[in-house]
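Engineer: Got a sequence here, can you model it:
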Amino acid sequence: MASMLEFRTPGFNPYAVKYSPYYDSRLAVAASSNYGIVGNGRLFVLGLGPQGIQLEKGFDTNDALYDLAWSEINENQLVVACGDGSLKLFDLAAGDFPVMNFAEHKREAFSVCWNPIAKDSFISSSWDGTIKIWSPSRPTSLKTLPVGNCTYSTAFSPMNPSIISAVSSDSHIRVFDLRTPVSAKYHLTTVIPAHAPPQAPTGPGAGPGAPLPMLSTGETFAGSVPSEILTHDWNKYRDGVIATAGVDRFIRTFDLRNPTGGPTAVLPGHEYAVRRLAWSPHASDVLASASYDMTVRVWSDGSSSSPPAAAAPGLGQSNHVIPVGNQLGVMNRHSEFATGVDWCLFGAGGWLASAGWDQRVLVWDAHTLLRP
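Structural biologist: Okay, here's the model as predicted:
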C-alpha cells in the first residue's frame, strides 16, 4: 500500500490514537504496558514531517492509558483516561507531569471526550458505571450521570453542547440532555436497546415465531442476544445519527429522532469485536472501524446511495427493511488487535491514523483502499 507511515511504541500497546484538531501534522497515542492488564502507561505526541513520524513528547503514567482527547481551547493540552480511574491533563509546554489530575472514578476510566462546541468542558466514562463532566480548571467534577453498567464510550454531540451519549456493557445507547431538569432521571432522555428489533410489529409473519433475518454472511444481525457495545460515534453531518459496534462484530447506525425504529443500517464484515469507530469529518456516509480481527475498514452506510445496495428485512416486521452498508476497503497491515482509528480533519479527506497492540501506529491514505 502506498503512502503509509509507521511509528513504533516499543514496550507499550496502543489503545487510542487521535489527530490534533489544530494541526494536520500532529497526533497523540494513549498506550499501556502489558496490554493494559498491569503496569504503567505512556502518552506519545507525534509529529509528521519529511522524515516520517517523529516523537515530539512523551509522558509516563503509573497506570495504563485507555483513551485520550485533545483540548479544544489549548493546542498544547490533552487529557488521558487511566486504569486507576483518574484523568490527567498534560501540557506540551509545561514539563513532564500533568498540570491537572482528576480522581473520582472508582474503576478504570475508559473513555474521554472534549466538548467540541462549548469547548469549556470534557467528559469521561468508566467501568464504575458513571459519566462525569469536568472543567479543565477545577479538580472536582461538575456533574455525575449514572449509567449503572460498565460504560465503555461517551461522547458529546457535535451539533449540541448539552447532549451527551454513552454506550455500555448492557447493550444500550443512552442520551442525556443537560438542559432537562436533573430530577428527571438525571437528564436521561433516550435509551435505545441496540440489539432489539424495531417496535410495533405488523403484518403476516410478525411475532415471536417469525424467522430471524439473514445476511449474506449467514449470520443474524438484529434482535440477537444482547452483547457489549464497546464504541460509538456521532455523524458529523446528519444530526442525531450515531454508529455503534462491539462484541457481536456488527456496526449499526441509529437515528435518535426515531429511537424505537431499530437500526437505520447494518454493516457486517468484521470477524471479531469492533473496538473503535470514527465517522469521517469529510463525508456524511463514510466511517472507519478498528477491530480485534486486526483490520481497519472503511465503510459507507449507504445513506448517499438510492436505492441502497442491499437490504434485509427487520425482525418481526415484514414491511421494515434495514439497509446493509458497503465495505469500501480493508487495511490489514496490523499484526495484533487494531484498537484505535482517527481521521485527519484537514486535507483531501482520506488520511487515517490507526494503532494496534502490535506496538505500531500507522498513518495512511484511505483513498488507496477505496474500490472504484
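Engineer: low-confidence ranges in the stretch 101-250 of the chain?
Structural biologist: Along the stretch 101-250 of the chain, segments meeting pLDDT under 70 span 199-224.
Engineer: if you set the cut-off to 50 instead, what comes out?
Structural biologist: Under the criterion pLDDT under 50, the flagged ranges of the stretch 101-250 of the chain are 200-223.
Engineer: ranges for the strands of it?
Structural biologist: Assigned by DSSP state E, counting those that start in this stretch, the strands in the stretch 101-250 of the chain fall at 109-114, 122-126, 130-134, 143-146, 151-156, 163-168, 172-177, 188-193, 229-234, 241-246.
Engineer: would CSV of those strands with mean neighbour count and distance to Ala338 be doable?
Structural biologist: C-betas here are computed from N, CA, C, even on glycine. Below are these laid out as CSV (neighbours: other Cβ atoms under 10 Å; distance: least, Cβ to Cβ, whole Å):
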stretch, mean neighbour count, distance to Ala338
strand 109-114, 27, 17
strand 122-126, 26, 21
strand 130-134, 23, 26
strand 143-146, 16, 30
strand 151-156, 25, 16
strand 163-168, 25, 19
strand 172-177, 21, 23
strand 188-193, 17, 26
strand 229-234, 24, 12
strand 241-246, 26, 13
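Engineer: possible to save these as CSV with distance to Trp279?
Structural biologist: Below are the strands of the stretch 101-250 of the chain laid out as CSV (distance: least, Cβ to Cβ, whole Å):
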stretch, distance to Trp279
strand 109-114, 14
strand 122-126, 18
strand 130-134, 21
strand 143-146, 23
strand 151-156, 11
strand 163-168, 13
strand 172-177, 15
strand 188-193, 18
strand 229-234, 5
strand 241-246, 6
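Engineer: And those strands: which comes nearest Asn13?
Structural biologist: strand 109-114 (15.1 Å; Cβ to Cβ).
Engineer: helices or strands up against the closest one?
Structural biologist: With contacts taken as 3 or more Cβ pairs under 8 Å, 6 or more residues apart in numbering; DSSP states H and E, strand 109-114 sits against strand 65-70, strand 77-82, strand 122-126, strand 151-156.
Engineer: what would the ones you listed look like in CSV with distance to Ala245?
Structural biologist: Shown next, in CSV, are these (distance: least, Cβ to Cβ, whole Å):
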stretch, distance to Ala245
strand 65-70, 16
strand 77-82, 19
strand 122-126, 16
strand 151-156, 10
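Engineer: how about those strands, which one is nearest Gly36?
Structural biologist: strand 65-70 (6.6 Å).
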